[in-house]
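S.K.: Sharing a model prediction with you, sequence too.
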Amino acid sequence: MFANVIFYMVLGTFSFALEPMVTQAETKCPALEEKKIKVEGYISKKFKKDRKKIAKEFIKMGDTRTALRVFPMGNASDVVAVGRCVPAYIARHVLSTAIKYTGGVGSLVVQDFVYGHW
């Protein structure tokens with residue numbers, strides 16, 4: 001019994017002393033010339049007629065490709081995801097445009113759940 005207690009105390013001490021080794025796949029971000037940033041999402045139904053204009057707004061940023069759909073009812077979702085390979089200036093533009101054409105941004109998705117170029 002006493003040997004078990006000592007064993008578990010030593011094991012517990014070592015488990016806190018050792019650094020956790022989390023293995024995570026590193027996403028190498030190729031240059032924007034090689035792989036464009038994908039902008040995909042839904043816009044509110046009231047902006048249905050302006051869909052092409054909104055897509056051009058994203059395209060004029062450069063280095064992006066778009067796939068916009070009209071949300072079938074009410075306002076679109078307020079969830080936005082930005083991949084880790086997306087440059088800050090494109091992410092800012094996407095977020096400000098999402099606020100303008102959806103109904104606002106309520107939350108951001110953790111980058112680990114999203115492909116790097118989305």
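M.R.: Noted; the coordinates are in hand.

S.K.: which SS class is the spatially closest residue to N75 that is not a sequence neighbour?
M.R.: By the measure of Cβ to Cβ, 6 or more residues apart in numbering, the closest residue to N75 outside its immediate chain neighbours is G103, 3.5 Å from it. For every residue, glycine as well, the C-beta is placed using N, CA and C. Secondary structure, DSSP: H, G, I helix; E, B strand; the rest coil: G103 is coil.

S.K.: what's the nearest residue to I54 if we skip its chain neighbours?
M.R.: Y101 (5.7 Å).

S.K.: Could you give the number of residues near the residue nearest to N75?
M.R.: 17 (other Cβ atoms under 10 Å).

S.K.: Can you give me the pLDDT of it?
M.R.: On the pLDDT scale, G103 is placed at 70.

S.K.: From the contact counts, what lies against the helix or strand where T66 lies?
M.R.: Taking DSSP states H and E as the definition, T66 sits inside strand 64-70. Strand 64-70 sits against strand 37-43, helix 51-59, with contacts defined as 3 or more Cβ pairs under 8 Å, 6 or more residues apart in numbering; DSSP states H and E.
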